[in-house]
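> Structure for this input, please:
(2 chains)
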Amino acid sequence: MSDFNRRLPVYLLLDCSGSMMGEPIEAVRQGIKTLLSELRSDPQALETAYLSVITFDSSARQIVPLTELMNFKEPQISAGGATAMGEALMVLMDCINSEVRKSSETHKGDWRPLVFILTDGSPTDTERFNTAAGELKNAKIANIIACAAGANARTEYLKRITESVLMMNTLSAGDLSRFFAWVSGSVKMSSKSLDAKPGAAFELPPPPQGFVIVP
Amino acid sequence: MERTAEAILTDGRRLPYVIKDDPPRGGMKYTYFAPDRSYVVQFFNDPKNAADPNLRKRIEAIIGKYNPTLSEEEGGARGGTKAAADYFAGKFCWPFAIVQSPEFGIVCPAYPSDFLFSDNASIYPQMSKDLKGKDKKSKWFTSEKLRQIMKERELGDFRSMLCISINLARAVRRMHSAGLAHSDLSCNNVLIDPISGGCVVIDIDSLVVPGIYPPEVIGTSGYIAPEVLTTLGLPFGDPKRNLPNARTDLHALAVLIYEYLLFRHPLSGPKIYSKDPDEDEYLSKGEKALFIENPYDRSNRPPDLAITISDLGRSLESLFLRAFVDGLHCPDERPTAMEWEKALVGAFDLLHPCENPNCAAGWFILHDPAKPVCPFCGTKVRPENIVRFHLKSRMRGSPGQWKEAGVINVYHNMPLFKWHIYSDVFPDEKADRSMAAYVCRVNGEFLLVNRSVHSMRSPGGNIVPPGQAIRLKDGAVFLMSDEETGCLCEVSCGR
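Below is the predicted model of the structure:
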């Protein structure tokens, strides 16, 4: 029978600049692995969520297009270079435009995409970043959660993209794994409560211990 | 990091449990396991919940006088016998104790192992690893997309899904008869095992208990009754706000049964109500909800609906129409759990094994012997394989008068139970589940073999003692038992 289920697109924007080299990037790889295994064992997430990964260093690119969890292959990621977060936002907007199905009079579109941004620094392409962040915030095309990791992450930049900014104090493997566990909890929760009253506040599980919501 | 801690119960008992980092967490509670995993200790995510005196009162009542898994003697539900309590202990994961220290919490039995995935459940090795030990939420078996990744043996067949539906209707009937409502019946809170046909209702702590302030639950997407969804925006105490109750349970129950039997959601069709996906979903499950098989308004009907409720026989069809047409927006019109239980049991008696060995459903409801075709694969039943019992029961006060008491479709190796023999036995929690007789086919001839029925009579009027059989010929009439409540059976073959 025809499928009338909407997809829940999930985009991960991951900072792979030089400062992530070593333990942090390894923790991110592990994090993606755990995220996948967690989501695959949740029937609603497996049915509705689709995942894409965009990485940024001196430039930005989509390394995994929006893919069904069943067919998702873990990407090869490595760290090095600058922090082209502005370009990453441009890539994100292009991907949302081309990959997310829009609703029409006759066709059921996808759910509003869920975007998680993880960075340990601040954009090195500031001008582009300012343009892209403004555009993204105004377009309201996605629910975006940004996470500033470690001492050098600057939350004021992230605040220009979204109201939902989290801060974690360290770039330790423990904190990064808690971040990915929280992402998995958020995706699970979103895939279950999709028909809560429209216009109501977007709900996510409480942030993990040691994480602060930036007001 | 793991360490063992001790929960002190309100009755002073102490129970050990293992504290782990990042314990499994639901919407309300998080869970720690016993060292031997035979029970779980659950605490509330929100300290406000744990401190709420209404929640405590509710849980005390649930564990005590409303508990169908404890007999009245043991402090459980009034009128509950030990046998009925044992029966329902297998149908619910009912909390059995309150933790007072280190903080307020509850203790529940662990899920029986039938309801946890074992090795190699999926056709994908990685998926099997991810699934191992996880609970068998209904959704795994009702979504076409998810069914495709499961090994065939995990999926059961149409008969086992019908059996699950009966068990669920019975469990909900038991709760409702005590005045309780579950308030969050959903694909997450009913675990099912399509291999054995069993189900277990979990998350029993947010029940609506008579006379106690109701819980602040909304329910789960897809199972929330339209009237609850429509008034979700009003504050909790507003009199116009519709809260979960027994009638909203009946919406969720009908949705679950529909999903178990047909693997699709009754309200998810092609119709679009708004360009905004949130708004569209909210309207399509709430104010504007429209059954995909509504016979009067076909605007939400999928273009390629192969199997429909009419393939399930007249009584189930009429209950689905009451649930999703008459009762969708009129909660009082919805069929009760008891009505579902009766109709499902009746449908079970009309099951017929599909003659196509490759039919995925394996069984279907042979409700119309004039059209004996499996709706799932289109295979026709050969007339010589159709044998039916038309049961009649004595009319009280009118000797020699009989009234219709149901039809049973029989087949090779089919067991019969007391509820097929006596008109006053219903297959509920009290019924004797040992085999009374069975039908078998020997050299092309169908026989009814008596196993334990007292005074079964042959068509010629002779006693058929246990171990002996009756030849099932077209038009034969005999007494299943000549006791007062024994049924009269008329056999029809090939028609």
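> For the rest of this, base every contact and every neighbour count on C-alpha atoms.
Fine.
> wait, isn't B:Cys354 in contact with B:Pro375?
No. With contact defined as C-alpha atoms under 8 Å, B:Cys354 does not count as touching B:Pro375 (9.7 Å).
> quick one: common contacting residues for those two?
When contacts are counted by C-alpha atoms under 8 Å, 6 or more residues apart in numbering or on different chains, B:Cys354 and B:Pro375 are jointly contacted by B:Phe364.
> For these two, work out which one has more neighbours and name it.
Ranked by neighbour count (other C-alpha atoms under 10 Å in any protein chain shown), B:Cys354 and B:Pro375 place B:Cys354 first, with 24 against 19.
> OK, contacts around the more buried one?
Applying C-alpha under 8 Å, 6+ apart, the residues near B:Cys354 are B:361-364, B:374, B:379, B:381.
> Now with 7 Å, please.
Residues near B:Cys354 by C-alpha atoms under 7 Å, 6 or more residues apart in numbering or on different chains: B:362-364, B:374.
> so where's chain A shaky on pLDDT?
Residue ranges of chain A with pLDDT under 70: A:1-3, A:193-202.
> Between the contacts of B:Cys354, which sits nearest chain A?
Closest approach between the contacts of B:Cys354 and chain A, by C-alpha to the nearest C-alpha: B:Cys374, at 17.8 Å.
> tell me the centre residue of the chain?
As the question left the chain open, I've gone with chain A. Closest residue to the average C-alpha location of chain A: A:Phe116 at 2.0 Å, with C-alpha atoms, centre = their mean.
> You answered for a different chain; I wanted chain B.
Nearest to chain B centroid, counting by C-alpha atoms, centre = their mean: B:Leu168, 2.1 Å.
> Flag every buried residue along the helix or strand it falls within.
Using DSSP states H and E, B:Leu168 maps to helix B:158-177. Judged by neighbour count (16 or more other C-alpha atoms under 10 Å in any protein chain shown), helix B:158-177 contains these buried residues: B:158-176.
> can I assume A:Thr55 is in contact with A:Gln62?
Yes. Counting by C-alpha atoms under 7 Å, A:Gln62 is a contact partner of A:Thr55 at 6.5 Å.
> So if I had to pick from the two, which one is more boxed in?
Higher neighbour count among A:Thr55 and A:Gln62: A:Thr55, with 27 against 18, using other C-alpha under 10 Å.
> So B:Ala306, which state does it fall into?
Put simply, B:Ala306 is coil when judged by DSSP: H, G, I helix; E, B strand; the rest coil.
> before we move on, the earlier item: the residue nearest to the centre of chain A and chain B, how far apart?
Here A:Phe116 is placed at a distance of 20 Å from chain B (C-alpha to the nearest C-alpha, to the nearest Å).
> can I assume that residue sits in a strand?
Yes. Checked against three-state DSSP, A:Phe116 lies within a strand.
> who's it bridged to?
A:Leu12, A:Ile145 (DSSP bridges).
> what about it, distance to B:Leu162?
42 Å (C-alpha to C-alpha, to the nearest Å).
> how long is stretch A:141-160 from one end to the other?
15 Å.
> still on that earlier bit, I'd like to know which elements the helix holding B:Leu168 is packed against.
For helix B:158-177, the elements it packs on are strand B:198-201, helix B:246-262, helix B:337-348, strand B:363-365, judged by 3 or more C-alpha pairs under 7 Å, 6 or more residues apart in numbering or on different chains; DSSP states H and E.
> quick one: which helix or strand includes A:Phe153?
You called it Phe, but residue A:153 is Ala. With DSSP H and E as criterion, A:Ala153 is part of no helix or strand.
> who in the stretch 1-150 of chain B is up against chain A?
B:130-131, B:139-140, B:145-146 (C-alpha under 7 Å from any C-alpha of the partner chain).
> Which one (most neighbours) among those residues?
Busiest of the residues of the stretch 1-150 of chain B next to chain A [other C-alpha under 10 Å] is B:Trp140, holding 27 neighbours.
> Strands of the stretch 251-400 of chain B, start to end?
Applying DSSP state E, counting those that start in this stretch to the stretch 251-400 of chain B gives strands spanning B:351-353, B:363-365, B:387-394.
> so of these, which one's packed in deepest?
strand B:363-365 (a mean of 24; mean count of other C-alpha atoms under 10 Å in any protein chain shown).
> got a list of what A:Trp182 touches?
A:207-208.
> What's the separation between it and chain B?
Taking C-alpha to the nearest C-alpha, one finds A:Trp182 at 10 Å from chain B.
> so which helix or strand takes in that residue?
Per DSSP H and E: helix A:173-192 holds A:Trp182.
> and stretch B:75-95, C-alpha only, in CSV?
This file holds the C-alpha atoms of stretch B:75-95, laid out as CSV (Å, rounded to 0.1, in the frame of the first residue of the first chain):
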residue,chain,number,x,y,z
GLY,B,75,-4.8,-7.5,48.9
GLY,B,76,-5.6,-7.1,45.2
ALA,B,77,-8.8,-6.4,43.3
ARG,B,78,-12.1,-7.2,44.8
GLY,B,79,-13.5,-10.6,43.6
GLY,B,80,-10.2,-11.5,42.0
THR,B,81,-9.4,-15.2,42.3
LYS,B,82,-5.9,-16.6,42.4
ALA,B,83,-6.4,-18.1,38.9
ALA,B,84,-7.6,-14.9,37.4
ALA,B,85,-4.8,-12.9,39.1
ASP,B,86,-2.2,-15.3,37.7
TYR,B,87,-3.8,-15.1,34.2
PHE,B,88,-3.6,-11.3,34.2
ALA,B,89,-0.1,-11.2,35.7
GLY,B,90,0.9,-12.4,32.3
LYS,B,91,-1.0,-9.7,30.5
PHE,B,92,0.2,-6.6,32.4
CYS,B,93,3.5,-5.4,33.7
TRP,B,94,1.8,-4.2,36.9
PRO,B,95,3.8,-2.4,39.5
